[in-house]
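Enquirer: Below are the sequence and a predicted model for it; my questions follow.
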Amino acid sequence: MVESSHISTAPLGTPGYLDPQYHQNFHLSDKSNVYSFGVVLAKIITGLKAVDFARAQDEINLAALAINRIGNGNLDEIIDLFIELHMDAWTVSSVHKVAELAFRCLEFHCDMRPSMTEVAIEL
């Protein structure tokens, strides 16, 4: 607009996928995409929505729920029932590896997250 003295921009994204560090410093980085991909990995192994207000207050955000359960060694509590029905040794191992990768991708501090190249190599 001609009358405007400046233009403001802000990232648009689906709730539950945006890097939490963005809310602190308003900066997105390559590692912000890693965080979002970590949410996708968590969705794959849990079958849960990224944001669900029907869940308990501290579990509304899937990333927080996954970090809590995986970090405390309680991954079995959130594995998708469909996956559970088809569990064999290979599937169990694969789910645990993907959960560990998701946990690393969902690290709050972007410096602690793997790069997308490292994620792709692990997958």
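Expert: Okay, I see it.
Enquirer: C-alpha from now on. contacts and neighbour counts both.
Expert: Will do.
Enquirer: OK, contacts around the residue most central in space within the chain?
Expert: For the chain, the residue lying nearest the average C-alpha position, counting by CA atoms, centre = their mean, turns out to be Val39 (2.3 Å). By CA atoms under 8 Å, 6 or more residues apart in numbering, Val39 lies in contact with Gly16, Tyr17, Ala50, Leu62, Ala63, Ala102, Leu106.
Enquirer: And for Lys49?
Expert: Neighbours of Lys49 in contact, by CA under 8 Å, 6+ apart: Lys43, Leu62.
Enquirer: Check which residues of stretch 38-49 are buried.
Expert: Buried residues in stretch 38-49, defined by neighbour count with 16 or more other CA atoms under 10 Å: Gly38, Val39, Val40, Leu41, Ala42, Lys43, Ile44, Ile45, Thr46, Gly47, Lys49.
Enquirer: try stretch 22-33
Expert: Neighbour counts over stretch 22-33 (16+ other CA under 10 Å) mark Leu28, Lys31, Ser32, Asn33 as buried.
Enquirer: Let's see which of the contacts of Val39 end up in strands.
Expert: Cross-referencing those with the strands (criterion: DSSP state E) gives no overlap at all.
Enquirer: Which one of these sits in the busiest neighbourhood?
Expert: Leu106 (30 neighbours; other CA atoms under 10 Å).
Enquirer: mind listing the helices for the protein?
Expert: Counting by DSSP state H, the chain has these helices, from start to end: 22-25, 30-46, 62-71, 81-85, 89-105, 116-122.
Enquirer: would you turn these into a markdown table with mean pLDDT and distance to Ala54?
Expert: As requested, those are arranged in a markdown table below (pLDDT from 0 to 100; distance: least, CA to CA, whole Å):
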| stretch | mean pLDDT | distance to Ala54 |
| --- | --- | --- |
| helix 22-25 | 72 | 24 |
| helix 30-46 | 94 | 16 |
| helix 62-71 | 96 | 12 |
| helix 81-85 | 86 | 18 |
| helix 89-105 | 95 | 23 |
| helix 116-122 | 96 | 31 |
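Enquirer: And the ones you listed: which comes nearest Arg55?
Expert: The closest of the helices of the chain to Arg55 is helix 62-71. By CA to CA, the value is 9.5 Å.
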